[in-house]
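Peer 1: coords below, sequence missing:
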DNA sequence: TGGAGAAGGGTAAACGATTAAGTAAACCTG
DNA sequence: CAGGTTTACTTAATCGTTTACCCTTCTCCA
């Protein structure tokens, strides 16, 4: 590997001169600079990142924390898309992305924080993890610039998909289609679930909907079996809902199966809606009406905020950035106004 | 950040002694070693990766090349699962994963190879890219340990999903279910497509199937619209196939839509099969019969081969590791033996 | 009892870059 | 033309580790 030393030897200047020339400092003569740069090019020089890091304490590398319990992580459409966007955003600015090692740690390292400091990450994006573990808390308090996705820590930048507005939009959309008996199968307890559920209740109240307790069900995220089972129970009610909202699109397909198996048709006999907006949901008939989260924007915001925090620590606000989703109108929610229309018009 | 120097000061020994103690060298006394290690622990010491890299030329970091044109990359189930498995494999051995920057390069860096050398990756996994670009060729010839996925370069380790055997198994399975009129909509041209297509022809010949030219169609991978259109054409043939094999599961849903839209039922009226074994395909009724590629094994093999190449360069064979897939039996392929059974039994 | 060898630890150079401080020559300027 | 300022470099220290080599001090045995 050719180093600055090699170039300096060839050009007959000192290593310092080479460094300055390549970094475009201005106390080097034009001609010398040109000569050095050309030689560097010809010799196939490229900087040794390790040496640069050691000296400057900057790695141009950001860590991404992605621990993947229960079907989450990389293989989850939502996170994968966010990561993809984050990757594109920071790579464009000359940063690389390294995963924070979530496996057994190397000897001498015992925590995420130590791993991150050891690697010298300029910043860390916490995308998908158990936010309640003490190790995460240690990491966010460790002094490294941090941005979290969909979770709020005090005094830490966060990018959040707007679950409150999202659920409100989704339920309102369904309401406007004439539905008055709406069920919500929510996911397992989490901050995200809380937001969506309370928004569901509040929006329902605002719209004048009365939601019987048996319309509110729980099934873990991305669990088609669970969603299937809950759907069956809902369908067996004396007065079943006209529309079911699922924890996520993946789960919605569980409902889809239960409904079709009973010879019912979507959306003619019953309507369903998902949450997330995963790709496949737009490609299977009936296409799923869902709240599509803006993963590209989420990833970009995480990246930009993190880079800003790194490059302008003084002037960057510690804030929560909220990214709006929007209802993707598939054809899984029927317009039943004037048909089985039981509610009151509100427009 | 506490360094070895700090520890050496506290313990009243030299930095070299600290280094040796921490690295468990054997020319340090037991008691001294214990004292140093304890002090390091108490002071919250962790090694500076950059310094270590600089000195040892080892980064314990492997690069993953993932360029993502047209719907590929991170957001593709197949690659995401492989990456996930690869990540787990190498992290367990104390390595980290960094993406090879596929964006605009930093000044002074003009190629993948330079980026990799600059970062000091111990090895690079080329998972998903345009294998025919000259930049990739430069990278694989650049002297860094390399493992490719699903692509063969001369004298480079490769891990391949067995597309030949896979297609053979799939077609044979379909044949055994009694199908004699089988169509294959293959993906856009690539090494993978070549393998599958020639295996399709060969297997068909072996089974004594005659495949009319109009049964062989092309639609790009993961293009539901294209698959939809080709399916429509197939259905309009005077003698339509009894089973259609799609380029991949995602495309199969395009066919799924076309078929259902015409009021036909899967598998009663026509059978379909996919390729890949993406998760969702196992969760939507009728569950898709497909050739499930063993992404976990693929990722593990890539990781293990790469680590072996890194740690035992002399004794590691340069070879191609073939990973078998297996037919996932959903219920999208009907058993039509003795029904519309037109072929000859071959058992 | 003297000398070899082992055990335990120190010295210092090196990895490849950056950068503060120094220096010599050229250039002004009044 | 003396003295100050620029310009264009060089010197040398430094980042945190590793490691080849050197130096004591003991131990042991002929």
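Peer 2: Yes, it's here. Here the structure is a predicted model, which means the values were calculated and not measured. Numbering: from 1, shown residues only, chains lettered A, B, ... in the order given.
Peer 1: neighbours of residue A:132, just the number please.
Peer 2: By the measure other C-beta atoms under 10 Å in any protein chain shown, the count of residues near residue A:132 is 10. C-betas here are computed from N, CA, C, even on glycine.
Peer 1: buried residues in stretch A:153-162, which are they?
Peer 2: Judged by neighbour count using 16 or more other C-beta atoms under 10 Å in any protein chain shown, the buried positions of stretch A:153-162 are A:153, A:156-162.
Peer 1: restricted to strands, list the residues you listed.
Peer 2: A:157-161 (DSSP state E).
Peer 1: tell me which of the residues you listed is nearest to residue B:296?
Peer 2: residue A:161 (29.6 Å; C-beta to C-beta).
Peer 1: for the closest one, list each beta-bridge partner.
Peer 2: Legend: beta-bridge partners of residue A:161 under DSSP bridges are residue A:323.
Peer 1: coming back round to it: contacts with DNA strand C among the buried residues of stretch A:153-162, please.
Peer 2: Near DNA strand C, judged by C-beta under 7 Å from any atom of the strand, there are no entries from the buried residues of stretch A:153-162.
Peer 1: residues of chain A that sit close to DNA strand D?
Peer 2: A:12-17, A:20, A:27-33, A:51, A:54-55.
Peer 1: distance check, the residue lying closest to residue A:187 once chain neighbours are set aside against DNA strand D.
Peer 2: Closest residue to residue A:187 apart from its sequence neighbours, by C-beta to C-beta, 6 or more residues apart in numbering or on different chains: residue A:247 at 3.6 Å. According to C-beta to the nearest atom of the strand, to the nearest Å, residue A:247 and DNA strand D sit 46 Å apart.
Peer 1: got it, and residue A:287?
Peer 2: 55 Å.
Peer 1: what about that residue, neighbour count?
Peer 2: Residues near residue A:287, counting by other C-beta under 10 Å: 16.
Peer 1: surely it is in a strand?
Peer 2: No: assessed by DSSP: H, G, I helix; E, B strand; the rest coil, residue A:287 does not belong to a strand; its assignment is coil.
Peer 1: if I look at it, how far off is DNA strand C?
Peer 2: Plainly put, residue A:287 is 53 Å away from DNA strand C if you go by C-beta to the nearest atom of the strand.
Peer 1: also residue A:317?
Peer 2: 27 Å.
Peer 1: what's the per-residue pLDDT of that residue here?
Peer 2: Among the per-residue scores, residue A:317 holds a pLDDT of 93.
Peer 1: give me the phi and psi for it.
Peer 2: According to degrees, to the nearest 10, the main-chain angles of residue A:317 amount to phi -70, psi 140.
Peer 1: that one: what's it in contact with?
Peer 2: Residues near residue A:317 by C-beta atoms under 8 Å, 6 or more residues apart in numbering or on different chains: none.
Peer 1: swap in residue A:166?
Peer 2: Applying C-beta under 8 Å, 6+ apart, the residues near residue A:166 are A:196, A:199, A:275, A:291, A:293, A:324-325.
Peer 1: name the member of those with the most neighbours.
Peer 2: For the contacts of residue A:166, counting by other C-beta under 10 Å, the largest number of neighbours falls to residue A:275: 30 neighbours.
Peer 1: partners of it in the sheet?
Peer 2: Beta-bridge pairing for residue A:275 (DSSP bridges): residue A:291.
Peer 1: measure it to residue A:244 for me?
Peer 2: In this view, residue A:275 and residue A:244 are 12 Å apart by C-beta to C-beta, to the nearest Å.
Peer 1: related to what we said a few turns ago, distance to residue A:216 and pLDDT added to the contacts of residue A:166, as a markdown table?
Peer 2: Formatted as a markdown table, the contacts of residue A:166 follow (distance: C-beta to C-beta, whole Å; pLDDT from 0 to 100):
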| residue | distance to residue A:216 | pLDDT |
| --- | --- | --- |
| A:196 | 12 | 97 |
| A:199 | 13 | 98 |
| A:275 | 15 | 97 |
| A:291 | 18 | 98 |
| A:293 | 22 | 97 |
| A:324 | 25 | 98 |
| A:325 | 22 | 97 |
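Peer 1: wait, which of those residues is closest to residue B:281?
Peer 2: residue A:275 (21.0 Å).
Peer 1: how close does residue A:64 sit to chain B?
Peer 2: Distance of residue A:64 to chain B, given as C-beta to the nearest C-beta, to the nearest Å: 9 Å.
Peer 1: and if you look at residue A:180?
Peer 2: As judged by C-beta to the nearest C-beta, residue A:180 and chain B stand 29 Å apart.
Peer 1: so that residue: helix, strand or coil?
Peer 2: Assignment for residue A:180 (three-state DSSP): coil.
Peer 1: number of residues surrounding it?
Peer 2: 20.
Peer 1: which residues touch residue A:181?
Peer 2: Residues in contact with residue A:181 (C-beta under 8 Å, 6+ apart) are A:215, A:239-243, A:342.
Peer 1: cool, and residue A:199?
Peer 2: A:163-168, A:171.
Peer 1: now, which of those residues lie within helices?
Peer 2: Of the contacts of residue A:199, the ones assigned to helices by DSSP state H are A:163-168, A:171.
Peer 1: got CSV for these, with pLDDT and distance to residue B:280 too?
Peer 2: Output for those, formatted as CSV (pLDDT from 0 to 100; distance: C-beta to C-beta, whole Å):
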residue, pLDDT, distance to residue B:280
A:163, 97, 23
A:164, 97, 28
A:165, 98, 27
A:166, 98, 22
A:167, 98, 24
A:168, 98, 28
A:171, 98, 25
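Peer 1: for these, which one is nearest chain B?
Peer 2: Set against chain B, the nearest of the ones in helices among the contacts of residue A:199 by C-beta to the nearest C-beta is residue A:166 (21.0 Å).
Peer 1: and the closest one, how far is that from residue A:274?
Peer 2: 12 Å.
Peer 1: what do these two both touch?
Peer 2: Common contact partners of residue A:166 and residue A:274 (C-beta under 8 Å, 6+ apart): residue A:291.
Peer 1: any idea where the helices of chain A begin and end?
Peer 2: Counting by DSSP H, the helices of chain A are A:4-11, A:15-22, A:30-43, A:49-56, A:77-92, A:112-119, A:134-140, A:163-176, A:191-207, A:224-235, A:249-261, A:295-311.
Peer 1: I'd like to know which of the ones you listed lies nearest to residue B:252.
Peer 2: Taking the helices of chain A one by one with C-beta to C-beta, helix A:249-261 is closest: 14.6 Å.
Peer 1: the closest one vs helix A:224-235, what angle?
Peer 2: 50 degrees (axes from the mean of the first three to the mean of the last three C-alpha atoms, to 10 degrees).
Peer 1: now the stretch 151-300 of chain A against DNA strand D: closest residue?
Peer 2: For the stretch 151-300 of chain A, the residue closest to DNA strand D is residue A:156, as judged by C-beta to the nearest atom of the strand, at 25.9 Å.
Peer 1: contacting residues for that residue?
Peer 2: Residues in contact with residue A:156 (C-beta under 8 Å, 6+ apart) are A:140, A:146-148, A:318.
Peer 1: now find how far off-centre stretch A:226-242 is within its chain.
Peer 2: Distance, stretch centre to chain centre, for stretch A:226-242: 31 Å (C-alpha atoms, centre = their mean, to the nearest Å).
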